[in-house]
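# Quick one: sequence and predicted model below, then my questions.
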Amino acid sequence: MSPKVWVYLLLGIYIIYCFWWGLKGFFTEKTASGYGIAGRSIPFIAFLMAATAASFSGWTFVGHPGLIWKVGLVYAYASFYVLTIPITGAFFAKRNWLMGKRYGFITPGDMFAYYYNNELIRWLVVLAALLYSIFYSGIQLIAASKLFYWVAGVPPTMGLIIMAFIVWFYVVTGGLKASTWVGVLQFCLLVGGIILLGFYVIKAPVFGGWHGFSESVKALDPKLLKVPGLIHFGIGGGWTAVMILTYMFALMGIQSSPAFILWNFGIKSPKPLAWQQVFMSTFIVGICLFFFSAFQGMGAKILEMSGELVIANNGDVVPKLMTHFLPGPVLGLVFLGAIAAIHSTAAPYIGTGGTILQRDVWWRYVRGQKGSHSEQIWTNRIFATLLTLAAVVVSLTSSDAIVMIGGFATTFGTIMYLMLIGVHWGFKFPTTGAALGLLAGIVVNLLTYFVWKYPLSMHTAFWGIFTGLVVAYGCRGLGFKNTKETDDRQKEVREWLNSIDGPSENGKKWRSRMKIIVPLWYLLALGPGVLLGNTAFTFCGFPATWSWQIVWWIIGIVMMWALCFKAEMSTTSDEQIRRADIETMDVTKEADDMA
């Protein structure tokens, strides 16, 4: 069979699987929480794989090698998001689940508005969630359109619409549970596709294996193999050390995004969190990115320099490598891996965005918390449809690099740190400061991307969260106070969280160590230390920068294990789960039973 036949055959099987889960959810999910947060019943293995796939999506599969091709190994430092994304989960995910279980929260707006006793915060969280979902889902569809064009010859606009329809169908019919179970298959396809394509590039006749490939890499322009400097005083400035560090702040926003918080509410138990963060993300996806995605990006640059490939832009890199190197069945499988990667993120962000709009705006304010479960489900579907259309518009009108749009989108997750450190860890600033800080962070995110892009070569994510914290604590310094009701509410939350999630004596010792180890790792692996990596050491044919990245990734695996397991940031005891099951204090209303 021709390669195109394989592509369409495997795509057809994938579509049947997606539609089956969507239709299953359509006929079984009858409650608002069942549709929106899977009835708090997402099992261990499903979350383990689906959450990982959602974290490392189409922009990882298609955009990551493309930026390595464009700017060199300096962008390969972005591979460290296999650690920085789950670090966010380690800080907040378990406590998100505990809070959802005790207080009955369905959306992150529920949690933040309750803790800070302020409905403006709910609206700002909705705004951040919308900006995140639209832009982040949009970049997935950009990747899909380019892929469909180069691999199957389908016009980009038509390919984009087809891919958007597939994800829209199973999201609006099946809800979060359908998205999650489709995500299980998507994880397998994502990982398999990255590894297969990288393997076929490295074994191509033009390289003849690792030795020939490594020699070709060494012969490239030195500027492709080094970090250019520490900082740039001005606007923009490229991939300096501080840009690398602050870009990782943006990627940390993935698991602090409103969508992921809602997903945390939906899991049956927090037991899979530590394993997802250490093993699935840091280790398995780390292997894919530090080796096989880098093979693709650097291989494409070598092939372009030698005249083997003509590459117009970063979005063309992966599709052209696929059509150049892969035989029919493998091409179909890798194509499916890329599509699965794209859908694995677009689906939950569209679905959770619809739930947030429905619950926090329509249900609460338009309907005044009235309406049946069925009404909430169909209005949720309408909002998910509108978000899908908005994502399509973004993807049709955007001209920026795929990963940079993604980095901008995730900044609206990073500013959620402002809310989360208060709710979960007791950082003290008044409710007024929380609201104004969140608003300021959103505004600065927009300004430092669309007006003054990356001042001092620092990413938008840094400026957003920095401004938010300055405003929040500035309000505290100016003497703003909470009401007694707010103080009492926050005190009750603090006492309960501290009683149910306090570390053991051994856990306390490890947390004290990690307060030093984690910042030190950030400085050496991602901050000013990357300049040492330009010339520090080499091994096994890897250039110095690549060698530095691999060594600090291995150290990072150990660090994540210590943080999640030894410091007990992500582990949960049976007693904690028992208490969470019985010590409930539901402060939300799910539906109007009389409607």
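Noted; the coordinates are in hand. Numbers count the residues shown, from 1 in each chain.
# Near residue 527, how many residues? Count them for me, please.
Residue 527: 19 surrounding residues under other C-beta atoms under 10 Å. The way it works is simple: take the backbone N, C-alpha and C, and place the C-beta from them, glycine included.
# Nearest residue to residue 433 in space, ignoring adjacent ones along the chain?
Distances taken as C-beta to C-beta, 6 or more residues apart in numbering put residue 475 closest to residue 433, at 3.2 Å, once the chain neighbours are dropped.
# Same question for residue 90.
Once flanking residues are discounted, residue 90 sits nearest to residue 569: 4.4 Å by C-beta to C-beta, 6+ apart.
# What residues does that neighbour make contact with?
Residue 569 makes contacts with 90, 91, 94, 511, 563, as judged by C-beta atoms under 8 Å, 6 or more residues apart in numbering.
# Just the ones of those residues in helices?
Secondary structure assignment by DSSP state H places 90, 91, 94, 511 of the contacts of residue 569 in helices.
# coming back round to it: the residue nearest to residue 90 in helix, strand or coil?
When classified by DSSP: H, G, I helix; E, B strand; the rest coil, residue 569 comes out as coil.
# So for it, what pLDDT did the model give?
Looking at residue 569, its pLDDT reads 96.
# Please report the distance of it from residue 325.
Taking C-beta to C-beta, to the nearest Å as the measure, residue 569 falls 42 Å from residue 325.
# Over to residue 50?
If you measure residue 50 against residue 325 using C-beta to C-beta, the figure is 29 Å.
# More neighbours: the two, which one.
Each of residue 50 and residue 325 has its neighbours counted (other C-beta under 10 Å); residue 50 has more, 26 against 23.
# what is the rounded mean pLDDT of the host helix or strand of the residue nearest to residue 433?
For residue 475, the host element (DSSP states H and E) is helix 460-477. Average pLDDT, helix 460-477: 96.
# Mind exporting the C-alpha coordinates of stretch 273-286 to CSV?
As requested, C-alpha coordinates have been extracted for stretch 273-286 and formatted as CSV (Å, rounded to 0.1, in the frame of the first residue of the first chain):
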residue,chain,number,x,y,z
LEU,A,273,0.3,12.0,41.0
ALA,A,274,3.8,11.1,42.1
TRP,A,275,4.2,8.4,39.5
GLN,A,276,2.9,10.8,36.7
GLN,A,277,5.3,13.5,37.8
VAL,A,278,8.5,11.4,38.3
PHE,A,279,8.2,8.4,36.0
MET,A,280,5.8,9.2,33.1
SER,A,281,6.8,12.9,32.7
THR,A,282,10.4,13.3,33.9
PHE,A,283,11.8,9.9,32.8
ILE,A,284,9.8,8.6,29.9
VAL,A,285,9.0,11.9,28.1
GLY,A,286,12.5,13.0,29.1
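# Give me the contacts around it.
Contact with stretch 273-286 is made by 47-49, 51-52, 55-56, 60, 79, 82-83, 85-87, 89-90, 93-94, 97, 187, 191, 553, 556-557, 560-561, 564-565, 570-572, as judged by C-beta under 8 Å, 6+ apart.
# Give the buried subset of those as a ChimeraX selection command.
Filtering those down to the buried ones (16 or more other C-beta atoms under 10 Å) takes a single ChimeraX command:
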select :47,48,49,51,52,55,56,60,79,82,83,85,86,87,89,90,93,94,97,187,191,553,556,557,560,561,564,565,570,571,572
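# Tell me how far the residue nearest to residue 433 lies from residue 468.
According to C-beta to C-beta, residue 475 and residue 468 sit 11 Å apart.
# Next: residue 22.
On the measure of C-beta to C-beta, residue 22 and residue 468 end up 37 Å apart.
# Name the single longest helix found in the protein.
Counting by DSSP H, the longest helix found in the chain is helix 156-202.
# and the contacts of stretch 273-286, which of them are in helices?
47-49, 51-52, 55, 82-83, 85-87, 89-90, 93-94, 97, 187, 191, 553, 556-557, 560-561.
# Show the contacting residues for residue 371.
Applying C-beta under 8 Å, 6+ apart, one finds that residue 371 lies in contact with 363, 379, 591, 592, 595.
# Mark which of those are buried, thanks.
For the contacts of residue 371, burial is judged from neighbour counts taken by 16+ other C-beta under 10 Å, and it is met by 363, 379, 591, 592.
# looking at this, the second one is in a strand?
No: counting by three-state DSSP, residue 379 is not part of a strand but helix.
# ok, it touching residue 359?
No: here residue 379 does not reach residue 359: they are 9.7 Å apart, not a contact under C-beta atoms under 8 Å.
# picking that back up, just to be sure, which of the contacts of residue 371 are found in helices?
Reading helices off the contacts of residue 371 with DSSP H, I get residue 379.
# if we can go back for a sec, burial measure for the residue nearest to residue 433, as a count.
Number of residues near residue 475 (other C-beta under 10 Å) recorded here: 20.
# For the protein, name the helix or strand with the lowest mean pLDDT.
Taking mean pLDDT, DSSP states H and E as the measure, the helix or strand of the chain with the lowest value is helix 58, at a mean of 70.
# and the gap between the residue nearest to residue 90 and residue 543?
Taking C-beta to C-beta as the criterion, residue 569 is separated from residue 543 by 34 Å.
# Helix or strand: which one has the closest residue to residue 77 other than its chain neighbours?
Closest residue to residue 77 in three dimensions, ignoring its sequence neighbours and counting by C-beta to C-beta, 6+ apart: residue 244, at 4.7 Å. Residue 244 is part of helix 241-252 when elements are defined by DSSP H and E.
# next one: that helix to chain centre, how far?
14 Å (C-alpha atoms, centre = their mean, to the nearest Å).
# Give me the residues contacting it.
Identification of contacts with helix 241-252 by C-beta under 8 Å, 6+ apart yields 74, 77-78, 80-81, 84-85, 87-88, 227, 229-232, 237, 407-408, 410-411, 413-414, 417, 454, 456-462, 465, 522, 526-531.
# Of those, just the buried ones, ChimeraX syntax please.
Restricted to the buried members of the contacts of helix 241-252, where burial is judged by 16+ other C-beta under 10 Å, the ChimeraX selection command reads as follows:
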select :74,77,78,80,81,84,85,87,88,227,232,237,407,408,410,411,413,414,417,454,456,457,458,459,460,461,462,465,522,526,527,528,529,530,531
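# Which of the contacts of helix 241-252 fall in strands?
Secondary structure assignment by DSSP state E places none of these in strands.
# now residue 335: how far from residue 289?
Remark: distance between residue 335 and residue 289 (C-beta to C-beta) = 20 Å.
# With residue 432 instead?
For residue 432, the distance to residue 289 under the criterion C-beta to C-beta works out to 42 Å.
# before we move on, what about residue 95?
28 Å.
# Between those two, which has more neighbouring residues?
Neighbour comparison, residue 95 and residue 289: the larger count goes to residue 289, with 24 against 19 (by other C-beta under 10 Å).
# Need the per-residue pLDDT for the residue lying closest to that one once chain neighbours are set aside.
Of all residues not flanking residue 289 in the chain, residue 79 sits nearest, at 3.9 Å (C-beta to C-beta, 6+ apart). What the model reports for residue 79 is a pLDDT of 95.
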